[in-house]
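S.K.: Starting from these lines, generate the structure:
(chains A and B)
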Amino acid sequence: MKTVQFREALREAMSEEMRADENVFLLGEEVAEYNGAYKVSQGMLDEFGAKRVIDTPIAELGFSGIAVGASMNGLRPIVEFMTWNFAILAADQIINSAAKMLQMSGGQIGCPIVFRGGNGQAGQLGATHSQSFEAFYSHVPGLKVITPSNPYDAKGLLKSAIRDNDPVVFLESEKMYGDKGEIPEGEYLIPIGVADVKKKGSDVTIVTFGKIIKVAQAAAEALEKEGISAEIIDLRTVRPIDYAAVVESVKKTNRCVVVEESWPLASISSEIAYHLQNYAFDYLDAPVKRVTQTDTPFAFSPTLIEAALPNPARVIAAVKAVMYK
Amino acid sequence: MYPLQTEVMTMATKTTAKKTTTAKKTPSKAKKSTSKFSKATYLKWYKDMLLIRRFEEKLSQLYIQQKFGGFLHLYIGQEAIAVGTVSAQQEGDKHITAYRDHGHPIALGTDPRVLAAELYGKVTGCSKGKGGSMHFFDVEKGFFGGHGIVGAQIPMGAGMAFAEQYKGTKNVVVTSFGDGAVRQGALHETFNMAMTWKLPVIFVIENNNYAMGTSVERTTNVTDLTKVGLSYEMPSFAVDGMSPESVHEAMEEAMDRARRGDGPTLLDIRTYRYKGHSMSDPQKYRTKEEVAEWQEKDPIEHVLRVIKKNKWMTAKEIEDVNNWVKNEVKESIEFAEKSELPKPEEIYDDVYQEPNYPYIKEYLA
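M.R.: A predicted model of the protein is given here:
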């Protein structure tokens, strides 16, 4: 094992896959000569050259469409968005083109493409730079949506995403790129669509994904001291969702809290809650609770950020509510 | 008033990019030099254009009779563009267009039976009944679809050309769209990158002067659309879209440029759709006289005149072609009507390449 930053894990995944398959290439804003806005692609231009590590103008719709077209014609592009907020401009190509091409063409053309970049809030960046798109893209059939929470998962899942023949939305975070974690020296893959039990527990199931998992972990540690044993499930992928892992855990704990970085309406947490009332109704000893961002755009001031986001205290309160404590 | 053909011709020379003034032939010379094209080319143009037109005429009647649903955007009047493009292309070249997509696959040789079946939503359709009128596909023939969002196929076409360049082939991609799509941001972003990267792509405006019911004049200050290409220093030409000869020559020159590695070309091909935008269009935005004026330049009539003048077919042989076309259309409809509709469970096919994707299947499982 070795310790790497999250950004290095992503870089290893891309570089290994580019060494293995000539048809894989990376394009996006500042990915080549600038070595990546967040240094994910540092050194890749030197290794692979300008043919395969391509700086684009600031034109998210255009370069995403060009990547989709390349994927229709035999290549396997990786599109880096500086953040997913900017990818709203490319949503037509992701949702209308990539996600639907295989079906519209009656199976003739698929789009093996990965769209990746920073997702969610990253501090005081204001309303347009702070959104989380897990629920947004998970809504769309034809896509797969991956939400890694640590360097080990990031590398294994990104390699699987690049090899996958379907279009993949890969949601990282500016706040995670510096996170360190252990990964194996050699090559490994993590399958798409399989959740990970991050912490075993017996009293309550906390379902979460992406960088907000740290909040759940801090809450679980504090709860442990009070004698409450929380099981933490990291979904890792929000399309498809590993419902079985969630249901199995809740059958054991009989209680569930979902922690999500984004807004509450039509969210991953509402989906999990629906699924549990339908498939684990008889096992639930309390209604499912959730801790999400406030139902407001993300504001600038630190006090408003504190007010908006899930934190350990809110998770602890939700856990105690489902335990009637 | 939309410029007449002679005016278009004048514009073609006037608006030619500085870079391209050395071009061997300007589109305006094409009509005079009909001898450049062989008998076989004219016969194929005639047969293919007639098939496109009769196919759509018959299918639009059936649509009115509600034999099938969806939208139906007819290509009638614009046939010279599809056939002039295809006669200029080489093996392995590729095509992508918008939702007015019936002409291209027929010109490329797709069996009209599978196209009629697609309109009927049948499982034997070119897209297994999952695409419909706007989403014809025939990858084997180099046709990468009919796309529904105005202008979305412009970056996709450039991306397909990017893949040709990346793989080091000499193939090119013809990316077609209407004059309405020229207003989309996707076009401008794509033109910029396609020129920067010298992608082997030919951008074709099938300029029928109307974005649905809104004329070019009503949507822009720049009514000469070649100027849009010129602003990216892209070689840009106006072309007579009622003449397959002009289309072929302009296309051949553009394809040569792309194959040489000199990048994209914009062809503003002036054409006219005789029918409405779609079947529900009352066409109050134009006069009957305007339609009639364009119909006088009908490309099928023009090609037939050349054939007759050169005595390339006897009256009997022309009749035989007409009958063959009529029969193809008849058999296409019979094929479509006899074919099966997709089974409900086929809804889960072709959404993911992954064979065992775990769909949420409540109440259907």
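S.K.: Tell me how many other residues crowd B:K44.
M.R.: For B:K44, the neighbour count with other Cβ atoms under 10 Å in any protein chain shown is 18. Any C-beta I mention is one placed from the backbone N, CA and C, and that applies to glycine too.
S.K.: Helices of the stretch 201-350 of chain B, start to end?
M.R.: Secondary structure of the stretch 201-350 of chain B (DSSP state H, counting those that start in this stretch): helices at B:216-219, B:226-230, B:244-259, B:288-295, B:299-309, B:315-338.
S.K.: Chain A now?
M.R.: A:6-20, A:44-48, A:60-72, A:91, A:101-104, A:134-138, A:151-163, A:213-225, A:243-253, A:268-279, A:302-308, A:312-322 (DSSP state H).
S.K.: possible to save those as CSV with mean neighbour count, distance to chain B and mean pLDDT?
M.R.: Output for these, formatted as CSV (neighbours: other Cβ atoms under 10 Å in any protein chain shown; distance: least, Cβ to the nearest Cβ, whole Å; pLDDT from 0 to 100):
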stretch, mean neighbour count, distance to chain B, mean pLDDT
helix A:6-20, 21, 13, 98
helix A:44-48, 16, 13, 98
helix A:60-72, 30, 2, 98
helix A:91, 17, 11, 98
helix A:101-104, 24, 4, 98
helix A:134-138, 23, 11, 97
helix A:151-163, 24, 11, 98
helix A:213-225, 19, 23, 98
helix A:243-253, 18, 8, 98
helix A:268-279, 18, 8, 97
helix A:302-308, 13, 30, 97
helix A:312-322, 19, 25, 98
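S.K.: closest to B:R113 out of these?
M.R.: helix A:101-104 (19.9 Å; Cβ to Cβ).
S.K.: And the contacts of that closest one?
M.R.: With Cβ atoms under 8 Å, 6 or more residues apart in numbering or on different chains as the test, helix A:101-104 has contacts from A:68, A:72, A:109-111, A:142, A:166, B:127, B:130-131, B:135, B:137, B:145, B:350-353.
S.K.: could you dump stretch A:43-53 to CSV, C-alpha only?
M.R.: This file holds the C-alpha atoms of stretch A:43-53, laid out as CSV (Å, rounded to 0.1, in the frame of the first residue of the first chain):
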residue,chain,number,x,y,z
GLY,A,43,2.3,15.8,-15.7
MET,A,44,-0.1,14.1,-18.1
LEU,A,45,0.7,16.4,-21.0
ASP,A,46,4.4,15.5,-20.6
GLU,A,47,3.7,11.8,-20.7
PHE,A,48,0.9,11.6,-23.3
GLY,A,49,1.4,14.7,-25.5
ALA,A,50,-0.9,17.3,-26.9
LYS,A,51,-2.8,14.8,-29.0
ARG,A,52,-4.2,13.0,-25.9
VAL,A,53,-4.3,15.7,-23.3
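S.K.: contacting residues for the residue lying closest to B:N207 once chain neighbours are set aside?
M.R.: Using Cβ to Cβ, 6 or more residues apart in numbering or on different chains and skipping the chain neighbours, the partner closest in space to B:N207 is B:D179 (4.5 Å). The contact partners of B:D179, by Cβ under 8 Å, 6+ apart, come to B:205-211, B:216, B:225.
S.K.: likewise A:I109?
M.R.: A:72, A:101-102, B:137, B:139, B:144-145.
S.K.: try A:A313
M.R.: A:A219.
S.K.: Tally up the residues packed near residue 125, please.
M.R.: Picked chain A for this. Neighbour count for A:L125, taken as other Cβ under 10 Å: 15.
S.K.: was after chain B, sorry
M.R.: Using other Cβ under 10 Å, B:G125 has 26 other residues around it.
S.K.: Now restrict the contacts of helix A:101-104 to buried residues only.
M.R.: A:68, A:72, A:109-111, A:142, A:166, B:127, B:130-131, B:135, B:137, B:145, B:350-352 (16 or more other Cβ atoms under 10 Å in any protein chain shown).
S.K.: Ignoring the adjacent residues along the chain, who's closest to B:K297?
M.R.: B:M242 (4.2 Å).
S.K.: May I have the distance across stretch B:268-281, first residue to last?
M.R.: 24 Å (Cα to Cα, to the nearest Å).
S.K.: typo on my end, stretch A:143-152
M.R.: Start-to-end span of stretch A:143-152 (Cα to Cα) is 23 Å.
S.K.: Export the contacts of B:D179 as CSV, with columns for pLDDT and neighbour count.
M.R.: CSV is the format used below for the contacts of B:D179 (pLDDT from 0 to 100; neighbours: other Cβ atoms under 10 Å in any protein chain shown):
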residue, pLDDT, neighbour count
B:I205, 97, 29
B:E206, 96, 24
B:N207, 94, 27
B:N208, 90, 25
B:N209, 88, 22
B:Y210, 87, 23
B:A211, 86, 19
B:V216, 87, 21
B:L225, 95, 22
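S.K.: Nearest to A:P77, out of the residues you listed: which one, please.
M.R.: Closest approach between these and A:P77, by Cβ to Cβ: B:I205, at 27.0 Å.
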